[in-house]
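J.: Provided below are the primary sequence and the corresponding predicted coordinates.
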Amino acid sequence: MLSGPSGSGKSTVISALMRRRGDIRFSVSATTRAPRPGEVDGVNYFFRTHEEFARMIEADAFLEHAEYVGNCYGTPAAPVEESLNAGYHVLLDIEVQGAEQVLQRRPDAVSVFLCPPSMAELERRLRGRGTDAEEKILGRLATARREYGRAKDYAYIVVNDDADTAAAELDAIITAELCRSEKRMKAIMEGDRPI
């Protein structure tokens, strides 16, 4: 699970990580926010109305869901389970609220908090997008300050001052998690080749 404030560079770092590893599947989230220029439904997000999102909640179709700056986001559970069962690592890009829910349902999930090197840099990135009104930017900055207070609850913190370096750190985290003794011992005891 990768969380971090809006503007931390999650999408850029995820793209760099996925170029490095072929054993990762990205979990496409559902959202009620409007698509940004160039975003494609089913690729970047599943764009849903508030009514459609509410029906998905009622059907217990999410691994997690949360509201963030006036929009809803959620991780559809079925595709995650399918990818895990096929032997892939699944990367979730989720908000702090959602990460807590995932850990309740999947305590084996690995949590990583991604942040820019400073709040000034975060503000520069948010303003540089040119997609949000001033009120929305101020809301995102206030939310980021609250989220920074929760970073200590994550297993790992990656500072994104360079996307390739941050992706390399995420790659190292995945490798380290694969080398955990409990995972390797299970493979050894079952006679399988350790992964």
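T.: Structure's in. What do you need?

J.: gap between the residue most central in space within the chain and residue 62?
T.: Central residue of the chain (CA atoms, centre = their mean): residue 93, 1.5 Å from the mean position. From residue 93 across to residue 62, the span is 14 Å (CB to CB, to the nearest Å). For glycine as for every other residue, the C-beta is placed from the backbone atoms N, C-alpha and C.

J.: Please apply the same query to residue 132.
T.: From residue 132 over to residue 62 the distance is 25 Å, taken as CB to CB.

J.: if we can go back for a sec, dump the residue contacts of the residue nearest to the centre of the chain.
T.: 2, 3, 10, 11, 14, 26, 27, 29 (CB atoms under 8 Å, 6 or more residues apart in numbering).

J.: likewise residue 18?
T.: Contacts of residue 18 by CB under 8 Å, 6+ apart are 24, 26, 91.

J.: so where does residue 52 fall, helix or strand?
T.: Residue 52 is part of helix 50-58, with elements assigned from DSSP states H and E.

J.: can you pull out the strands in the protein?
T.: In the chain, the segments counted as strands under DSSP state E are 2-3, 24-27, 30-31, 46-47, 62-68, 71-76, 89-92, 112-115, 156-159.

J.: Now do the end-to-end distance for stretch 19-34.
T.: End-to-end distance for stretch 19-34: 27 Å, by CA to CA, to the nearest Å.

J.: What of stretch 24-36?
T.: Using CA to CA, the two ends of stretch 24-36 sit 25 Å apart.

J.: Just the mean pLDDT for it, thanks.
T.: Regarding stretch 24-36, the rounded mean pLDDT is 94.

J.: returning to that earlier point: who has more neighbours, residue 132 and residue 62?
T.: residue 62 (24 against 17; other CB atoms under 10 Å).

J.: Which residue is the nearest non-sequential neighbour of the more buried one?
T.: residue 74 (4.1 Å; CB to CB, 6 or more residues apart in numbering).

J.: what about that neighbour, distance to residue 107?
T.: Applying CB to CB to residue 74 and residue 107 gives a distance of 20 Å.

J.: cool, residue 171 as well?
T.: Separation of residue 171 from residue 107 (CB to CB): 23 Å.

J.: out of these two, which sits in the busier spot?
T.: More neighbours surround residue 171 than the other of residue 171 and residue 107, with 15 against 7 (other CB under 10 Å).

J.: Not counting sequence-adjacent ones, nearest residue to the more buried one?
T.: Nearest to residue 171 is residue 20, by CB to CB, 6+ apart, at 5.2 Å.

J.: And the pLDDT for that neighbour?
T.: Confidence at residue 20, expressed as pLDDT, is 95.

J.: That one contacts residue 168, doesn't it?
T.: Yes. Judged on CB atoms under 8 Å, residue 20 makes contact with residue 168 at a distance of 7.4 Å.

J.: Which one's more surrounded, these two?
T.: residue 168 (16 against 13).

J.: The protein: helices as residue ranges?
T.: Secondary structure of the chain by DSSP state H: the helices cover 10-20, 50-58, 77-85, 96-105, 119-129, 134-148, 163-178, 181-189.
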